[in-house]
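>>> I'd like to go over a predicted model; first the sequence, then the structure.
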Amino acid sequence: MKTNRLYIIVLIMFVSIIGCGDGGDSKSVPTKPTFAEHIAPILSKNCLPCHRENGAAPFSLEKFESVQKRAKTIAKVTLNRYMPPWPADPNYTHFVGEKVLTEVEIATIQRWVEQGAIEGSGPYVYQAPNTHRSNIRKPDFVVPFDSVSLREGDLDRFFISKAMVRLDRKRYISALELVPSRAGLIHHANGHLLLYADGSKLEPSRAVGKIETSNSTDLNLIEQLRLLPKDGPLPSRIHSAFNYLPGVEGIEYPAGIGVYEVPRNFAAVMNDVHYGPSDTNITDKPVLNVFFTDVAPKRATGELMLGTNGVSKIVPPLVVPANKVTKHVTRYTIDADISVLTINPHLHQLGKSFWAFAIKPNGDTIPLIRIPRWNFNWQYFYTFKQMVKIPAGAEIVAIAEFDNTANNPYNPNHPPKLVSERWDYGGASMRASDEMFQFILTYTVYQKGDEHISLERKK
């Protein structure tokens, strides 16, 4: 205990002397920090998006009493940067909504706890963005999916699931946000929209809401989920319209970018929803938050996937022997100028590190993302603060390390055993105990000036 206290005091003295932290923060550590004046603003920006009522975290930090009760824990997990969870290296690239505490903020928390976690004057009231399980804003429309009951001891479970939507008129959708009842219940979900022509006669809306499968399968969704109209043409499809991974927050791009036009009748379909191993008995009630706009679609977005199930090979092949740490590379050369909005690195439980960049034809490097310590529990869709141009002829490179030793706390096998990609049902296995190596880029065709378009959320 004395050693920890001495370390904290030395850290505070050091930060006070230099008076700066990450990101060029020039503020010094307050002499007598209080919750109301100094701690609450730090939590509001970095912690409350999850630690709030209806948030993703298991408990709320919206009130002083809750924070005071956990003050020592907060000091510990922020000092070792376990919280807030942000795997991407902020010294390599920056993203919208990144949650990275400066050294001054960390030292302020340490000093506040050391001095007795004083509340201070002026009670702080956190203004949550809304109470509708969203980090964008209050949704315009909420689509419920069928609930899933999980049992303690369950291993991987997979579903395809649908929800029929009927609107009063044609609408434009600016964002879709899938939200489970609790963060981490869903390992991943990939969804699309089926758009029906006006006048089509549809099956009853609740007929067969979900089907459990043995893995992520390429079933005929239209037939299996009774999505075939009784009368009228087959529906058109918007592929990968919404996705989910642990830690993901909703994304809404600037006006007109990535907007979908939908008819009065459409279906939201999770053609691939994966629940990982469960440590409790719980029922998940996922919902899809829908956000409308009056701005018609101006620029479509596309998706480029490297690695597993993607356009590029993994070299060497993704086979990780027991008690080994291996490194693998996947690369792809693009043939047209693109503007990248969001990227998604994806590994499973053996992931150790991830690094991606692009090499221009002239040899210059475009940094994309670096994750020194992969965290299986926090896998984000990272949106750049401004669009990133990658010119035609550039090579996109992703490098991943995998740790199949007993030193990896996420290793599902004790003792370790050989793990690799597994291919069945026409695609790679998405079981958490198997491995994947993917790098997914959401982009739009480049237009002059894209580099200066902000992707930051409007307050």
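Received it, and whenever you're ready, just let me know what you need.
>>> so where do the helices sit in the chain?
Secondary structure of the chain (DSSP state H): helices at 2-18, 40-46, 64-69, 71-79, 103-114, 221-224.
>>> Show me what the second one packs onto, helices and strands only.
Going back to what we said before, that points to helix 40-46. helix 64-69, helix 103-114 (3 or more C-beta pairs under 8 Å, 6 or more residues apart in numbering; DSSP states H and E). Any C-beta I mention is one placed from the backbone N, CA and C, and that applies to glycine too.
>>> tell me, which of those is the model least confident about?
Here the lowest mean pLDDT among the helices and strands packed on helix 40-46 goes to helix 64-69, at a mean of 91.
>>> Dump the C-alpha coordinates for it into PDB.
Listed next in PDB are the C-alpha coordinates belonging to helix 64-69 (Å, rounded to 0.1, in the frame of the first residue of the first chain):
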ATOM      1  CA  PHE A  64     -21.700  11.700  -6.700                       C
ATOM      2  CA  GLU A  65     -22.700   8.900  -4.200                       C
ATOM      3  CA  SER A  66     -22.100   6.300  -6.900                       C
ATOM      4  CA  VAL A  67     -18.700   7.800  -7.800                       C
ATOM      5  CA  GLN A  68     -17.600   8.200  -4.200                       C
ATOM      6  CA  LYS A  69     -18.400   4.600  -3.400                       C
END
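>>> Find the nearest non-adjacent residue to His346, please.
Gln438 (4.2 Å; C-beta to C-beta, 6 or more residues apart in numbering).
>>> now Asp156
The spatial neighbour of Asp156 that comes closest, neighbours along the chain excluded (C-beta to C-beta, 6+ apart), is Arg431 at 4.6 Å.
>>> what separates that neighbour from Tyr253, distance-wise?
According to C-beta to C-beta, to the nearest Å, Arg431 stands 32 Å off from Tyr253.
>>> again with Val419
36 Å.
>>> again, but for Asp272
Where Tyr253 is concerned, Asp272 sits at a distance of 23 Å (C-beta to C-beta).
>>> try His51
Applying C-beta to C-beta to His51 and Tyr253 gives a distance of 27 Å.
>>> These two: which is more packed in?
Set side by side, His51 and Tyr253 show more neighbours around His51, with 23 against 20, by other C-beta atoms under 10 Å.
>>> what sits against the more buried one?
Leu43, Ala57, Phe59, Ser60, Leu61, Glu62 (C-beta atoms under 8 Å, 6 or more residues apart in numbering).
>>> Double-check Arg264 against Leu195; I have them as touching.
No - in this structure Arg264 lies outside contact range of Leu195 using C-beta atoms under 8 Å: 9.9 Å.
>>> higher neighbour count, the two?
Leu195 (18 against 15).
>>> so what's that one up against?
Pro235, Ser236, Arg237, Ile238, Val262, Pro263, Phe266.
>>> got any ranges where the stretch 101-250 of the chain has weak pLDDT?
The stretch 101-250 of the chain contains residues with pLDDT under 70 at 122-133, 184, 202-208, 214-225.
>>> The same query, at a cut-off of 80, please.
The model of the stretch 101-250 of the chain has pLDDT under 80 over residues 122-133, 135, 182-185, 199-209, 213-232, 246-249.
>>> any chance you could map the strands in it?
141-144, 148-150, 157-166, 171-179, 186-195, 210-213, 236-244 (DSSP state E, counting those that start in this stretch).
>>> Quick one, which of these gets closest to Gln386.
Smallest distance to Gln386 across the strands of the stretch 101-250 of the chain (C-beta to C-beta): 18.7 Å, for strand 171-179.
>>> Contacts for that closest one, please.
Against strand 171-179 from outside (C-beta under 8 Å, 6+ apart): 133-136, 139, 186, 189, 191, 241-244, 249-253, 255, 258-262, 268, 270, 286-297.
>>> Please identify the pairing partners of it and their relative orientation?
For strand 171-179, the paired strands and their directions (DSSP bridges) are strand 260-262 (antiparallel), strand 287-293 (antiparallel).
>>> Let's have those strands in TSV, adding mean neighbour count, distance to Asn411 and mean pLDDT.
Putting the strands paired with strand 171-179 into TSV (neighbours: other C-beta atoms under 10 Å; distance: least, C-beta to C-beta, whole Å; pLDDT from 0 to 100) gives the following:
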stretch	mean neighbour count	distance to Asn411	mean pLDDT
strand 260-262	17	40	95
strand 287-293	20	33	95
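>>> Relative to Thr31, which of these is closest?
Per C-beta to C-beta, nearest to Thr31 of these: strand 287-293, 43.6 Å.
>>> re the thing from before, could you turn the buried ones of the contacts of strand 171-179 into a ChimeraX selection?
Of the contacts of strand 171-179, the buried ones go into a single ChimeraX selection, burial set by 16 or more other C-beta atoms under 10 Å:
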select :133,134,135,136,139,186,189,191,241,242,243,244,249,250,251,252,253,258,259,260,262,268,270,286,287,288,289,290,291,292,293,297
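>>> which residues pair with Phe291 across the strands?
Under the criterion used (DSSP bridges), Phe291 bridges to Ala175.
>>> My error: substitute Asp231 in the last question.
Beta-bridge partners, per DSSP bridges, of Asp231: Lys201.
>>> tell me the contacts of it?
Contacts of Asp231 (C-beta under 8 Å, 6+ apart): Gly199, Ser200, Lys201.
>>> so who does the first one touch?
Read it as Gly199. So Gly199 contacts Asp231, Gly232 (C-beta under 8 Å, 6+ apart).
>>> Phi, psi for it please.
With angles defined as degrees, to the nearest 10, Gly199 sits at phi 100, psi -10.
>>> how does the protein divide into domains?
2-114, 141-293, 302-452 (automatic domain parsing).
>>> about what we covered before: would you show me how to pick out the buried ones of the contacts of His51 in ChimeraX?
Command for ChimeraX that selects the buried part of the contacts of His51, burial taken from 16+ other C-beta under 10 Å:
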select :43,57,60,61,62
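>>> Check the contacts of His51 and tell me the two furthest apart.
It's Leu43 and Phe59 that sit farthest apart of the contacts of His51, by C-beta to C-beta, at 12.7 Å.
>>> So what's the residue count around Pro90?
Using other C-beta under 10 Å, Pro90 is surrounded by 15 other residues.
>>> In this structure it contacts Val100, no?
Yes - the criterion here is C-beta under 8 Å, and Pro90 meets it with Val100 at 4.7 Å.
>>> Wait, Lys360 touches Pro391, no?
Yes - assessed by C-beta under 8 Å, Lys360 is found in contact with Pro391 at 5.9 Å.
>>> about what we covered before: tell me the contacts of the residue nearest to His346?
Met305, Leu306, Gly307, Thr308, Asn309, Gly310, Asn344, Pro345, His346, Leu347.
>>> can you rerun that using 10 Å?
The neighbours of Gln438, taking C-beta atoms under 10 Å, 6 or more residues apart in numbering as the test, are 305-310, 314, 330, 344-347, 398, 400, 428.
>>> can you pull up the bridge partners for it?
Beta-bridge partners, per DSSP bridges, of Gln438: Gly307, His346.
>>> measure it to Met305 for me?
Gln438 is 6 Å from Met305, by C-beta to C-beta.
>>> try Gly256
Gly256 is 25 Å from Met305, by C-beta to C-beta.
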